[in-house]
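Enquirer: Below are the sequence and a predicted model; questions follow.
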2 protein chains.
Amino acid sequence: MGTEDITAVDPGTASQEAEDDEIVTWWGLVIEGYHVTQERLMSEINERFDLTPGAFDILVRLVRSPEWRMPMTKLAREAALSSGGFTKVADRLVAADLIRREPCDTDRRVTYVTLTDHGRVTAETAKSACAEILRRTVLGPLGPEASEQLAMAMRTLRTANADE
Amino acid sequence: MGTEDITAVDPGTASQEAEDDEIVTWWGLVIEGYHVTQERLMSEINERFDLTPGAFDILVRLVRSPEWRMPMTKLAREAALSSGGFTKVADRLVAADLIRREPCDTDRRVTYVTLTDHGRVTAETAKSACAEILRRTVLGPLGPEASEQLAMAMRTLRTANADE
DNA sequence: TGGAAGCTTCTTGCAAAGAAGATGCTTCAT
DNA sequence: ATGAAGCATCTTCTTTGCAAGAAGCTTCCA
């Protein structure tokens, strides 16, 4: 093979390049494992409940909130969506009768997003299904101690790279 | 708080619900850690090289291929893109003078995608930068043994949930 | 008290990115 | 030769971010 004739490098640079490649490949493995798992999870949720990943995320956050409601901005920030983007997501969820908008009594700029009865039942059922799928596709294959280590590693990465 | 007056459940169901919630929250932590890290990585790559995540992924795959080229379909499949979506990505990369299309001599159905000189230099430089960022944002905070465990866990998830 | 400047909060319009399906060309097998 | 399959492209639809704008709240100064 004639590739090294073209990109002639000294041994030190070559080994550095190989090490770089190894690290990038290593992270690629993390990406792939994450995506494969998440895609399987979300496709099952979508099949059973007709929920997109974003919609499921919103519903789970709401069902854990007091009175099943939250201001739009707070919810958008938690879901890592722009406020403009979240307006459209909320429109779709309203159209699906999963949430409704409610004005805030004390601050008329604020719009609360509240789960409808249908939305609450859907959210709770989907959350249980999600837990069942995770037991089957993640906790089962990994085992308890590897799961614990995974959680700790991810917590470390989150705090190390958080924006705010 | 009066929520349990409304959603009255027996203790068994309640503890099951709490356990479901814990698992979903646990996976949410994994999601968040992954996204925070990946977003930081990709924003630095984008800043320095003006590459989108998809473009960077394509370039890294090509720079590791013999003769820096691959059939479009194979590359699209590896990058988890639809063939239609990949055509558009390829158009952008051609416009940026990072790749070019080349016909295949032996099978005239196939179109090869090949790195240009500029694309090859960009890919190698960006790959080194990516490795440097990963050392700083992932391997550093985690340490060697946690990194090893993370890789093993992700490999397990990938093989457990792979589609094909 | 009054009111003007400066922030939030939500919505709308425009553009980019990607997925899915239809189309048409090339190749392979019988 | 002719039907079946593989492959790249095109079109359309959905989703999302960003920028701009309208409405409402807060602060501060006269």
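Expert: Perfect, I can see it now. Since the structure is predicted, the reported quantities are computational estimates derived from the model, not experimental observations.

Enquirer: Is stretch A:27-43 positioned near chain B?
Expert: Yes. On the criterion Cβ under 8 Å from any Cβ of the partner chain, stretch A:27-43 is in touch with chain B at A:27-38, A:40-41. Any C-beta I mention is one placed from the backbone N, CA and C, and that applies to glycine too.

Enquirer: Looking at those, spot the one nearest chain B.
Expert: A:Gly33 (3.2 Å; Cβ to the nearest Cβ).

Enquirer: Which pLDDT value goes with the closest one?
Expert: pLDDT for A:Gly33: 89.

Enquirer: Tell me how many other residues crowd it.
Expert: Using other Cβ atoms under 10 Å in any protein chain shown, A:Gly33 has 24 other residues around it.

Enquirer: and if you look at A:Gly84?
Expert: The number of residues near A:Gly84, taken as other Cβ under 10 Å, comes to 8.

Enquirer: so where do the helices sit in chain A?
Expert: A:3-6, A:11-49, A:53-63, A:72-78, A:83-95, A:117-134, A:140-142, A:144-161 (DSSP state H).

Enquirer: Buried deepest among those, which one?
Expert: Ranked by mean neighbour count, the helices of chain A are led by helix A:53-63 with a mean of 20 (mean count of other Cβ atoms under 10 Å in any protein chain shown).

Enquirer: hmm, who's touching it?
Expert: A:38, A:42, A:45-46, A:49, A:51, A:68-70, A:75, A:78-79, A:81, A:89, A:92-93, A:96, A:98-99, A:113-115, A:119-120, A:122-124, A:126-127, A:130, B:24, B:28 (Cβ atoms under 8 Å, 6 or more residues apart in numbering or on different chains).

Enquirer: if I look at A:Trp26, how far off is B:Gly33?
Expert: 16 Å (Cβ to Cβ, to the nearest Å).

Enquirer: Check A:Glu17 too.
Expert: For A:Glu17, the distance to B:Gly33 - Cβ to Cβ - is 29 Å.

Enquirer: got it, and A:Ser83?
Expert: 24 Å.

Enquirer: residues in contact with A:Gln16?
Expert: B:Ser128 are the contacts of A:Gln16 under Cβ under 8 Å, 6+ apart.

Enquirer: With the one 10 residues further on instead?
Expert: When contacts are counted by Cβ under 8 Å, 6+ apart, A:Trp26 is found next to B:134, B:147, B:151.

Enquirer: returning to that earlier point: distance to A:Leu139 added to the residues of stretch A:27-43 next to chain B, as CSV?
Expert: Listed next are these as CSV, based on distance: Cβ to Cβ, whole Å:
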residue, distance to A:Leu139
A:Trp27, 24
A:Gly28, 24
A:Leu29, 20
A:Val30, 18
A:Ile31, 21
A:Glu32, 20
A:Gly33, 15
A:Tyr34, 15
A:His35, 18
A:Val36, 16
A:Thr37, 11
A:Gln38, 15
A:Arg40, 14
A:Leu41, 12
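
Enquirer: which of these lies closest to DNA strand C?
Expert: A:His35 (10.3 Å; Cβ to the nearest atom of the strand).

Enquirer: Point out where chain A drops to low pLDDT.
Expert: A:1-14, A:163-164 (pLDDT under 70).

Enquirer: Adding distance to DNA strand C, write the helices of chain A out as a markdown table.
Expert: Formatted as a markdown table, those follow (distance: least, Cβ to the nearest atom of the strand, whole Å):
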| stretch | distance to DNA strand C |
| --- | --- |
| helix A:3-6 | 28 |
| helix A:11-49 | 9 |
| helix A:53-63 | 12 |
| helix A:72-78 | 3 |
| helix A:83-95 | 3 |
| helix A:117-134 | 17 |
| helix A:140-142 | 25 |
| helix A:144-161 | 21 |
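
Enquirer: isn't A:Met154 right next to B:Leu29, touching?
Expert: Yes. Using Cβ atoms under 8 Å, A:Met154 makes contact with B:Leu29 at a distance of 5.6 Å.

Enquirer: list residues touching both of those two?
Expert: Common neighbours of A:Met154 and B:Leu29 (Cβ under 8 Å, 6+ apart) do not exist.

Enquirer: re earlier: tell me which of the helices of chain A sits nearest to DNA strand D.
Expert: Taking the helices of chain A one by one with Cβ to the nearest atom of the strand, helix A:83-95 is closest: 2.7 Å.

Enquirer: At the contact with DNA strand D, which residues of chain A appear?
Expert: A:52-54, A:80-86, A:88-89, A:92, A:107-109 (Cβ under 7 Å from any atom of the strand).

Enquirer: And the furthest pair within those residues?
Expert: A:Pro53 and A:Arg108 (32.4 Å; Cβ to Cβ).

Enquirer: for the residue nearest to A:Thr87 when sequence neighbours are not counted, what are its contacts?
Expert: Among residues not flanking A:Thr87 along the chain, A:Met72 sits closest, at 7.5 Å (Cβ to Cβ, 6 or more residues apart in numbering or on different chains). For A:Met72, the contacting residues are A:83, A:86-87, A:90, A:110-113, taking Cβ under 8 Å, 6+ apart as the criterion.
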